[in-house]
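Asker: sequence and predicted structure below; questions after.
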Amino acid sequence: MSDDAALDEFGVGSEGSNKSDTAVKSKQKTDDLQALEASPIEDWELLRLGDVLSFEYGDNLPADTREDGEIPVYGSNGQVDTHTEANVDTAGIIIGRKGSIGKGEFSINPFWAIDTTYYISDNETSENLRFVYYLLQNMKLERLNAASAIPGLNRNDAYNLNTLIPPLSEQQKIATVLRTVDQAIQKTEEIIEQTRRAKTGIQQELFTQGYYDHRFFVETRVGELPESWRLEKIKNHTELVSGAHVKSELVSDDSSLTPYLTGPEDFDELGFTMTKYTDEPTKFCKEGDTLVTVKGSGCGKSTFADRRACISRQLKALRPNGKLEELYLFYFVETKQKLLKSLAEGSAIPGLSNSHLTALDIPIPSIEEQRKVGEVLKKYDDRIVYEKKYKSQLQRLKHGLMQDLLSGDVRTADVDIEIPQEVA
């Protein structure tokens, strides 16, 4: 059975499938296992994690001693650098020990695990290494955080957890199915990144050369622009709306109240995700506004308002007055994110003033050409949004499959699955 067939067997459909929403919930939760004294599944063993593997400490490797090479260097947050030497000469698993504890990475090549991590290779377990990687993900080791100023994972606490271990042949099949979902997630991430790069490239071109084939250009204070365009200050064609503070006791998760947008953490490619609401709204953005972050570390980040919402004082809204197309304004401001961030960083407390926004020079083609520019760039964002939704479906599917397969609720023993060499 091929990898794609393996996916179909366990409910992974084609791109855009909703099958992940129907994944069966696990009957044997990780917490339930701790109360068991024997395996509830024939042919599977109930073992302490410490009898399955050992966590080995990584080694110190200061940044100034690393030499640029082909060996990945892993910390608690994943790959942080490269080096010319490895301290683990085989494939292995890297687990965050300090900081982002429990976070797991799998390296198919030799690697260097630094001293904020544990690692596991074939020398530290007799089980299938890929299976162990997914087993640890499903056990959610981050919940074992040792209470301290700096989060930490005590390996002895992890060793005392019970876990179910199937025969090696079934381990390989489980790992193959889950690896196939991981590969689909990775492919989707690559598509998202490629689409973003393509959008960035054409975005710069559209705001300097235009959508149409212009023959004549003139030199302006921002560089060459089509002769028929005008260059004006944003303030001449927008209204600036400032946000306002809402007391924390007036903010809740009651979605029947007025949406309250507090900062860039809720921004999407186009629009935003609402997680907070208030019954005492003050300043609003409305659909079609360009929202810009003006306070904090996210200064300069922007999004397009796809609905009406109350906005905090961390945000300001640029509202076009009719001579600027809404999407054209948004995508132009998006190109100024690095500039706005640098202006904010020049202050003791990161922040953008009204003049930082309103004094921006904006090239103004005809309304028709503005509309075309907005339409072209929105197609890229629509593709990114689509792929992000598909990635979320795959992640939900993986979560459900891990619970089902690693608990024995769904068995692979009698399913014909071709095991790739990387898993075997």
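Answerer: Cool, got the structure. Numbering: from 1, shown residues only.
Asker: C-alpha only now, for contacts and for neighbours.
Answerer: Fine.
Asker: number of nearby residues for Gly69?
Answerer: Gly69 sits with 12 neighbouring residues when counted by other Cα atoms under 10 Å.
Asker: that one contacts Phe111, doesn't it?
Answerer: No. With contact defined as Cα atoms under 8 Å, Gly69 does not reach Phe111; the gap is 11.0 Å.
Asker: can you pull out the low-pLDDT segments for the stretch 101-250 of the chain?
Answerer: Counting by pLDDT under 70, the stretch 101-250 of the chain shows low-confidence ranges at 146-150.
Asker: that one: helices as residue ranges?
Answerer: Along the stretch 101-250 of the chain, counting by DSSP state H, counting those that start in this stretch, helices occupy 129-139, 155-159, 168-209.
Asker: distance from the chain centre to the second one, please.
Answerer: To tie it back to what came earlier, the one meant is helix 155-159. Taking Cα atoms, centre = their mean, to the nearest Å, one finds the center of helix 155-159 at 29 Å from the center of the full chain.
Asker: dump it to CSV, keeping only the CA atoms.
Answerer: In CSV, the C-alpha atoms belonging to helix 155-159 read as follows (Å, rounded to 0.1, in the frame of the first residue of the first chain):
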residue,chain,number,x,y,z
ARG,A,155,13.2,13.2,32.9
ASN,A,156,12.4,11.1,35.9
ASP,A,157,8.9,12.5,36.0
ALA,A,158,8.5,11.5,32.4
TYR,A,159,10.0,8.0,33.0
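Asker: can you give me the buried ones in it?
Answerer: Within helix 155-159, the residues that count as buried by 16 or more other Cα atoms under 10 Å are 155, 158-159.
Asker: okay if I get those as TSV plus distance to Val292?
Answerer: Formatted as TSV, those follow (distance: Cα to Cα, whole Å):
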residue	distance to Val292
Arg155	45
Ala158	44
Tyr159	48
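Asker: out of these, who's nearest His399?
Answerer: Taking Cα to Cα as the measure, His399 sits nearest to Ala158 out of those, at 20.6 Å.
Asker: mutual contacts of Gly69 and Phe111, please.
Answerer: In terms of Cα atoms under 8 Å, 6 or more residues apart in numbering, Gly69 and Phe111 are both contacted by the residues Glu85.
Asker: any idea how the protein splits into domains?
Answerer: Using automatic domain parsing, the domains assigned to the chain come out as 1-26+167-196+205-215+367-424, 45-165, 230-364.
Asker: Glu224: which of these is closest?
Answerer: Of all the domains of the chain, it is domain 1-26+167-196+205-215+367-424 that lies closest to Glu224, at 7.0 Å by Cα to Cα.
Asker: state the distance from the residue nearest to Gly243 when sequence neighbours are not counted to Val423.
Answerer: Leaving aside its chain neighbours, Gly243 sits nearest to Arg313 (4.0 Å; criterion: Cα to Cα, 6 or more residues apart in numbering). Arg313 sits 52 Å away from Val423, going by Cα to Cα, to the nearest Å.
Asker: and what of Ala344?
Answerer: Distance of Ala344 to Val423, given as Cα to Cα: 49 Å.
Asker: neighbour count: those two, which is higher?
Answerer: A direct count of neighbours by other Cα under 10 Å for Ala344 and Val423 places Ala344 higher, at 23 against 17.
Asker: isn't that one up against Ser355?
Answerer: No. Using Cα under 8 Å, Ala344 is not in contact with Ser355; the gap is 12.0 Å.
Asker: neighbours of Ile174, just the number please.
Answerer: 27.
Asker: which residues are in contact with Glu124?
Answerer: By Cα under 8 Å, 6+ apart, the residues touching Glu124 are 53-56.
Asker: change it to 7 Å
Answerer: Applying Cα atoms under 7 Å, 6 or more residues apart in numbering to Glu124 gives the contacts 53-54.
Asker: also the one 5 residues further on?
Answerer: Applying Cα under 7 Å, 6+ apart, we find Leu129 in contact with Asp122.
Asker: please report how far it lies from Arg221.
Answerer: 60 Å.
Asker: then Arg97?
Answerer: 53 Å.
Asker: what's the answer for Thr275, then?
Answerer: Counting by Cα to Cα, the separation of Thr275 from Arg221 is 42 Å.
Asker: between these two, which has more neighbouring residues?
Answerer: Legend: neighbour count by other Cα under 10 Å for Thr275 and Arg221, higher for Thr275 (14 against 8).
Asker: ok, and the closest non-adjacent residue to that one?
Answerer: Nearest non-adjacent residue to Thr275 (Cα to Cα, 6+ apart): Asp253, at 6.4 Å.
Asker: contacting residues for Glu105?
Answerer: 78, 93-95.
Asker: mind running it again at 8 Å?
Answerer: With Cα under 8 Å, 6+ apart, Glu105 has these contacts: 78, 93-95, 133.
Asker: wait, isn't Asp381 in contact with Glu269?
Answerer: Yes. Applying Cα under 8 Å, one finds Asp381 in contact with Glu269, separated by 6.2 Å.
Asker: which one of those two has more residues nearby?
Answerer: Taking other Cα under 10 Å, Asp381 and Glu269 do not tie; Asp381 has more neighbours (18 against 15).
Asker: and the more buried one, how close does it get to Glu375?
Answerer: 10 Å.
Asker: ok, so of the contacts of Glu105, who is nearest Ile191?
Answerer: Nearest member of the contacts of Glu105 to Ile191, counting by Cα to Cα, is Gly78, at 20.8 Å.
Asker: what about Lys98, how many neighbours?
Answerer: Look at Lys98: counted by other Cα under 10 Å, it has 21 neighbours.
Asker: bridging residues for the residue lying closest to it once chain neighbours are set aside?
Answerer: Distance criterion Cα to Cα, 6+ apart; nearest residue to Lys98, sequence neighbours excluded, is Gly152 at 4.6 Å. For Gly152, the beta-bridge partners are Lys98, Ala146 (DSSP bridges).
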